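Chemist: Got a predicted model here, sequence first, then my questions.
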Amino acid sequence: MEAANPRILTINGGSSSIKFALFEVADSLRRILEGGVEGIGQPGANLWMRGLNEAEKSSRLVTVPNHVAAVDVLMGGIEDRSELRSLAGVGHRVVHGGPNYSEPQRITADMVEELRRLGPFDPEHLPSEILLTEAFHRRFSAVPQVACFDTAFHHELPRVAQILPIPRRYEAQGVRRYGFHGLSYAFLMGELARQAGAEAALGRVILAHLGNGASLAAVRAGKPVDTSMSFTPTAGVPMSTRSGDLDPGLLWYLARTEGLEAKRFNEMVNFESGLLGVSETSSDMRDLLDRETQDVRAAEAVAMFCYQVKKWIGSFAAALGGLDTLIFAGGIGENAPPIRARVCEGLGFLGIELNETRNGANAPLISADTGRVAVRVIHTNEELMIAKSVAQVLDLRTTKQV
């Protein structure tokens with residue numbers, strides 16, 4: 001019997017979810033299965049899967065109090081499937097790589113210990129991601145695992161963009177701007193080169209990954225110049241439940257007036273702020289757009305988001321010395337024409353002009369023919385980037401370059 005093509009499993013763990021995708025290494029990387037567990041730690045968590053066609057889609061309620069339980073449920077759902085045969089590698093999205101990890105690499109015991117030491121850098125993600133790598137190692141002890149770091153894309157930021165304006169001694173502890181959404185940004189730059197050519201990818205580019213987590217990045221000559229997130233993913237533009245940038249004096253004010261402790265403040269700015277905090281009703285941009293004509297709080301949340309994204313585009317255009325391409329990606333960036341229109345409104349002085357029809361249709365190119373800046377909508381694919389990295393690290397070759 002002919003041996004099956006090798007398969008790569010990608011794991012994208014969040015604070016309350018685990019997404020997976022299974023790729024076959026053939027002529028190219030082909031996604032053959034995907035799914036996830038959503039609502040970890042909450043009642044009514046959901047396990048869903050989808051195969052190569054819609055008929056293979058399934059969904060059921062599960063009980064998953066933590067990530068370890070979620071892995072057990074997830075693996076119980078897929079390990080007996082024929083698609084999982086010939087598993088050659090598992091790739092994990094690791095949100096924070098700290099100062100030392102700038103390339104995807106095989107997970108070792110030493111790496112896991114280093115990631116544990118980095119736990120205080122990102123307590124919302126790193127501990128659960130470490131649990132995921134350990135759980136998959138127990139299930140597939142002979143299958144190599146690869147860590148793909150979301151900070152890697154920004155590793156070579158110019159020093160002026162890395163430095164934080166606090167006492168220099170903290171830099172020795174690794175405190176600096178790191179930036180996140182790097183897997184998404186790497187994919188978007190590759191897609192820009194594929195769709196518009198190498199010259200466009202070597203120009204002055206702003207990438208706007210706008211979803212539940214939202215950030216922007218400035219890229220020139222294919223190299224990172226700056227990014228809105230900083231030491232943690234809480235910084236930058238307001239997000240679904242994250243505050244984005246705040247006056248640091250607010251912590252001291254709330255500590256004095258309400259006795260708010262640092263841990264509670266961290267919970268507030270990560271899980272109770274942003275769109276949810278301002279609207280007081282929802283963290284979902286779709287809900288807010290539906291309600292904005294009846295609820296001033298929803299309208300203000302939407303306006304705040306668009307205003308802050310617009311400001312970052314302007315500041316990054318200044319850092320780049322102009323702008324050639326603006327790319328929208330992420331759940332909001334890819335699917336919300338009103339948000340893109342409001343963000344770009346008034347940016348004609350930068351050469352940004354949208355075509356209303358193209359924008360309303362979520363077309364790949366939404367800029368007007370008269371606009372100097374190419375404005376694009378590109379569907380990001382972090383899972384494919386993870387799979388490509390695993391294939392490269394483990395030397396799993398396809399007949400097409402990965």
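Modeler: Nice, thanks for sending it over. Just so you know, these numbers come straight off a predicted model, no measurement behind them. Residues are numbered from 1 along each chain as shown.

Chemist: From here on, just use CA atoms for contacts and neighbour counts.
Modeler: Fine.

Chemist: And the contacts of stretch 263-280?
Modeler: Outside stretch 263-280, the residues that touch it by Cα atoms under 8 Å, 6 or more residues apart in numbering are 234, 238-244, 251, 282-285, 288, 297-302, 305.

Chemist: Distance of A391 relative to S367?
Modeler: 36 Å (Cα to Cα, to the nearest Å).

Chemist: actually N355, not the one I wrote
Modeler: N355 is 5 Å from S367, by Cα to Cα.

Chemist: so of the contacts of stretch 263-280, which ones are in helices?
Modeler: Among these, DSSP state H puts 251, 285, 288, 297-302, 305 in helices.

Chemist: Take these and lay them out in JSON lines including pLDDT.
Modeler: Formatted as JSON lines, the ones in helices among the contacts of stretch 263-280 follow (pLDDT from 0 to 100):
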{"residue": "L251", "pLDDT": "97"}
{"residue": "M285", "pLDDT": "97"}
{"residue": "L288", "pLDDT": "98"}
{"residue": "R297", "pLDDT": "98"}
{"residue": "A298", "pLDDT": "98"}
{"residue": "A299", "pLDDT": "98"}
{"residue": "E300", "pLDDT": "98"}
{"residue": "A301", "pLDDT": "98"}
{"residue": "V302", "pLDDT": "98"}
{"residue": "F305", "pLDDT": "98"}
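
Chemist: Which of the residues you listed are buried? Put it as a ChimeraX command.
Modeler: One line in ChimeraX is enough to select the buried ones among those; burial here means 16 or more other Cα atoms under 10 Å:
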select :251,285,288,297,298,299,300,301,302,305
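
Chemist: can you give me the strands in the stretch 101-250 of the chain?
Modeler: For the stretch 101-250 of the chain, the strands defined by DSSP state E, counting those that start in this stretch cover 105-106, 145-149, 204-210, 214-220, 223-227.

Chemist: Tell me if I'm right that I366 and V375 touch.
Modeler: Yes: I366 is in contact with V375 according to Cα atoms under 8 Å; the separation is 5.7 Å.

Chemist: what do these two both touch?
Modeler: Contact criterion Cα under 8 Å, 6+ apart; residues shared by I366 and V375: L354.

Chemist: between those two, who's got more neighbours?
Modeler: V375 (27 against 24; other Cα atoms under 10 Å).

Chemist: which residues does that one form a beta bridge with?
Modeler: Under DSSP bridges, the beta-bridge partners of V375 are L326.

Chemist: Quick check: it touching L354?
Modeler: Yes: between V375 and L354 there is a contact under Cα under 8 Å: 7.5 Å.

Chemist: intersection of neighbour lists for the two?
Modeler: The contact sets of V375 and L354 overlap at 366-367 (Cα under 8 Å, 6+ apart).

Chemist: Please give me every residue in contact with I107.
Modeler: Taking Cα under 8 Å, 6+ apart, one finds 144-147 in contact with I107.

Chemist: Looks to me like L396 is in a helix.
Modeler: No: using DSSP: H, G, I helix; E, B strand; the rest coil, the assignment for L396 is coil, not a helix.
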